[in-house]
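Visitor: Provide a 3D model corresponding to the input given below.
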Amino acid sequence: MLIDLHTHTIASGHGSTDTISDMAKEAARRGMRLLGISDHAPAILGAAKTSYFRSLQHAPRKRFQVSLLFGAEANIISYDGRLDLDQTTLSCLDYCIASLHPPCLRPGTRRQNTESYITAMKNPLVTIVGHPDDDRYPIEDETFVTAAAHFRVLLEVNESSLSPNGYRGDAADRYRALLPLCALHRVPILVGSDSHGRKNVGTSVYAEALLQELHFPTDLIMNLHPELLFSYLHPAAALTSW
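Guide: Numbering: from 1, shown residues only. Now for the predicted structure:
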């Protein structure tokens, strides 16, 4: 991928000792043009504190000739869609991925899980729903997808979930249910590596294979359309030179 917005550094507290510079250097080596850093928000044990996310607005926007965006993978921490970062902090960032993680919110009923996502989508600072493929969180698929269309939120296709080492259940099966609905309702998707550290930055082998299998419309894959992708991001992201 030339664009990857779901990546984690040492600030996420697990899985990596790599810094932002390490990530950018690897992205440059792989020929990438745009790298997003989206470290885990505070509800994940050992993750970055609010002050880290607020300080990112002062970080350099380009390293090793790779343009950088700074976001967060915020945790949905209640069935009414509350996040673990406040609005002031989110407004300092270029984008926000909202995700469900069992340490932060135990899986509920299909209706509860769906409502937690939809209420999070109502937050105008939520840009992307992360890994909606987790079969520990069953959802009402069409209700979920039509809400994403209504609130103009991108849905992620998560490479890490699809890999043989994925731990979220049968992610491919979940995407085979969700992606045709995205195509039907014209909901754009964004492929994210979910790389913890530099090892898998920009990787999209399994995601691309699945998208090709399903003949998913390429005009809805925002990794291929940066000019459209930026229209979904926070206004500060426009400062990044593409």
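
Visitor: Give the next helix or strand downstream of the helix of greatest length in the chain.
Guide: The single longest helix within the chain, with elements called by DSSP state H, is helix 171-185. Beyond helix 171-185 on the C-terminal side, the first helix or strand identified by DSSP states H and E is strand 189-192.

Visitor: Could you pull out the helices in this protein for me?
Guide: Using DSSP H, helices in the chain cover 20-29, 50-55, 87-90, 110-121, 141-151, 159-162, 171-185, 205-213, 226-229.

Visitor: which parts of the last one are buried?
Guide: I take that to be helix 226-229. Buried residues in helix 226-229, counted by 16 or more other Cβ atoms under 10 Å: 226, 229. In this view, the C-beta of every residue, glycine as well, is placed from N, C-alpha and C.

Visitor: Need the contact partners of that helix.
Guide: Identification of contacts with helix 226-229 by Cβ atoms under 8 Å, 6 or more residues apart in numbering yields 3, 33-34, 188, 190, 222-223, 242.

Visitor: Quick one: distance of the helix or strand of the chain with the lowest mean pLDDT to the chain centre.
Guide: Of all helical and strand segments in the chain, the minimum by mean pLDDT, DSSP states H and E falls on helix 226-229, at a mean of 92. From the chain centre to the centre of helix 226-229 is a distance of 15 Å (Cα atoms, centre = their mean, to the nearest Å).

Visitor: Ser99: neighbour count?
Guide: Counted with other Cβ atoms under 10 Å, residues neighbouring Ser99 total 29.

Visitor: just checking, it touches His131?
Guide: Yes: using Cβ atoms under 8 Å, Ser99 is in contact with His131, at 6.1 Å.

Visitor: Leaving out the residues flanking it, which one is nearest to Thr119?
Guide: Gly81 (2.7 Å; Cβ to Cβ, 6 or more residues apart in numbering).

Visitor: wait, what's in contact with that neighbour?
Guide: Counted by Cβ under 8 Å, 6+ apart, Gly81 has contacts 115-123.

Visitor: now it: how far from Leu105?
Guide: 10 Å (Cβ to Cβ, to the nearest Å).

Visitor: hey, what's in contact with both of these two?
Guide: In contact with both Gly81 and Leu105: Ser116, using Cβ under 8 Å, 6+ apart.

Visitor: so who does the closest residue to Arg110 other than its chain neighbours touch?
Guide: Leaving aside its sequence neighbours, Arg110 sits nearest to Pro138 (Cβ to Cβ, 6+ apart; 4.7 Å). Residues counted as contacts of Pro138 (Cβ under 8 Å, 6+ apart) are 107, 110, 113.

Visitor: Derive a ChimeraX selection command for the buried subset of these.
Guide: Selection command for ChimeraX covering only the buried members of those, criterion 16+ other Cβ under 10 Å:
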select :113
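
Visitor: In JSON lines, list the contacts of Pro138 along with pLDDT.
Guide: Shown next, in JSON lines, are those (pLDDT from 0 to 100):
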{"residue": "Pro107", "pLDDT": "96"}
{"residue": "Arg110", "pLDDT": "97"}
{"residue": "Asn113", "pLDDT": "98"}
